[in-house]
Every structure is written in structure tokens, then in C-alpha cells.
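Student: pasting the sequence and the predicted coordinates here, then a few questions.
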Amino acid sequence: MLKFLTFIVVAIVAASCAQTVNVEQEKAALLAADTEWSKSAKSVDAFVSFLAPDATIALAGAPAMKGATVIREAFGPMMKSPGFELTWQPVRAEVAASGDLGYTVGTYTLKTTNANGVPVTEKGKTQTTWKKIHGAWKVIEDTATANAPPTVLSRHVVVATTEIKWIDAPPPLQPGAKLAVISGDPTLPEPFTVRLQMPDGYRVPPHTHPQDEHVTVLSGVFATGMGRTWDDKALRDLNAGSYAVMTTGTAHYGVAKGGTVVQVHGVGPFSIEYVNPADDPSRKK
């Protein structure tokens, strides 16, 4: 009998606690948290402080970024880039009856400058899922969807070889190569042309692209093969002047034989999806 009464008391206390959640109050608190987060777009430290350790952010037209560390490494340089300006405004919040899970929706405006120095503006919608962790609302997943392709002013481009600016190839490209943007911006949904300068033996492991990739060999020899597994016997040498198109979603790989330069063009946003995630330099710490 005593155990039964104890059970009843515990149940009543638990029910009483559950009824203390003020959902409308939590909605207001969640909107306030998102509004405060929107003020952090110029500081990567402040921006990341609102994220759960395993948070995921998926921007329009780009692969999802998972984990506060990965997000920091991506957003830090982005925030410092010329012309970068990100603003968003949450307009509605919903919170579960438990009071510890909710989401916000809103609108955003992203202003950047592409590789040609041309201002680009993108507008769209956001949806952010939040979870209360140790009493504070934290972002666990954030997605952004553009209303339309970014507004960009195209222009005539003429680039002499002496004007080409080479930089170290950034992830997800393998380290050791040099990259030059010839026209457009490969991170945006617009036509682009880039060049990749590779040393002898430089390998690109099996991977795919979410769009067609057009490759022209400018100098040297680039050997390429098709498939999800590397096979030396399947490699085909492409000499200077050769051209290839790798269609959307088709796995392929390649290696430079001697110093080699290839030119890649297509319509962005350009990204690389490695068959083996361990081959992705952006995942390595």
C-alpha cells in the first residue's frame, strides 16, 4: 500500500511539473534567442556560441556543414570576405509542449562579392530547429532556401596569362595544387571557369559532382578513369588540348602525369562529393 501511494505522489508531482511549461512564454524566448543570434553575423565566435556541438547548417546550393568546428572553419573566412553582409529576421516560433524543442522561421538577405568583384544579392527563407540545452536555446539544425537565383550583374571578361592569380587549392580539393578563378564564382549558381595547376603524381580520389563538369587539359597529361573505385588499368591519358565532360553524379578520378594544368568550367555552385568521406580534406582536422 505504501509503495502504491508513493507511486501516486510521484505521478502527481510529475504531472504538475509538466503543466508548469508556459509554451507562449517559451515561444517569445525562442524568438528573442533567434533575434539575438541574428546580431552575430559579423563575429564567428558569437555566431558559433548559439550552436549545439553537433549542429548542422545547410545553406542554399551548398553541402551541409555538421559540427560547430566545421561551421566555424567555414563561416570565419566567409565573414571576412569583401562585401559579405548577412542579415535575417525570425518571424515565427513554435515550441513543443515539453518546452525544450522548437523551431523558428524567417527571411534572410545575403550580400557577397563574387570572384570578379561584382556584388551579388540573395534573398530567401530560413527554418531553424532549436533545443534547450542546460536551460539555453541552442541551434541543432538550420536551413536556408533562396527565393530565386542570386541577383548578379554579369560582365565581359578578358584575362591575360600575366593577370591570373594562383592560390593554394582550398578544401575539398586535395592539398598540393594551385587554383585560379578565371571568371564567375564557382560557389554561386552562375557560369564559372577555374584552372587547377597540379604537380606530378597529384591524385583526385573517386568523387562525383552535383552538376556537369567540363574539363580541358591545357598542359601536361591528366589521366582519368570512371568508377567508384580507383583502378590504374582503367586510367586514360588526356594530353594537352583534350576535353572531357563528367556528367552529374558520375563517379570519376584522376592523376597528373608530370606538371599539369586543367581548366574546369560549368554552372555552379561547384562542389566535390568524395566516394570515401575520408578522402575529403575538409573533414580532416
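Tutor: Arrived safely, thanks for sending. Numbering: from 1, shown residues only.

Student: what does stretch 124-135 rub up against?
Tutor: Residues outside stretch 124-135 that contact it (C-beta atoms under 8 Å, 6 or more residues apart in numbering) are 30, 33-34, 52, 60, 88, 90, 99-108, 110, 137-147. C-beta here means a position set from N, CA and C on the backbone, and glycine is covered the same way.

Student: from the residues you listed, which would you call buried?
Tutor: Taking 16 or more other C-beta atoms under 10 Å as the criterion, what is buried in those is 30, 33-34, 52, 60, 88, 90, 99, 101-104, 106, 108, 110, 137-144, 146.

Student: what's the burial count for residue 268?
Tutor: 20 (other C-beta atoms under 10 Å).

Student: quick check: closest non-adjacent residue to residue 138.
Tutor: Excluding the flanking residues, the one nearest residue 138 by C-beta to C-beta, 6 or more residues apart in numbering is residue 52, at 4.3 Å.

Student: what does the helix or strand containing the one you found contact?
Tutor: The secondary structure element spanning residue 52 is strand 51-58 (assigned by DSSP states H and E). If you take C-beta under 8 Å, 6+ apart as the criterion, strand 51-58 is touched by 64-68, 71, 131, 133, 138-144.

Student: redo that, cut-off 10 Å
Tutor: With C-beta atoms under 10 Å, 6 or more residues apart in numbering as the test, strand 51-58 has contacts from 37, 47-48, 64-72, 74-75, 128-131, 133, 137-145.

Student: can you list the strands that the following helix or strand past it pairs with?
Tutor: For strand 51-58, the following helix or strand on the C-terminal side (DSSP H and E) is strand 65-66. Take DSSP bridges as the rule and strand 65-66 pairs in its sheet with strand 51-58 (antiparallel).

Student: for the partner strand, buried residues please.
Tutor: Per 16+ other C-beta under 10 Å, strand 51-58 contains these buried residues: 51, 52, 55, 56, 57.
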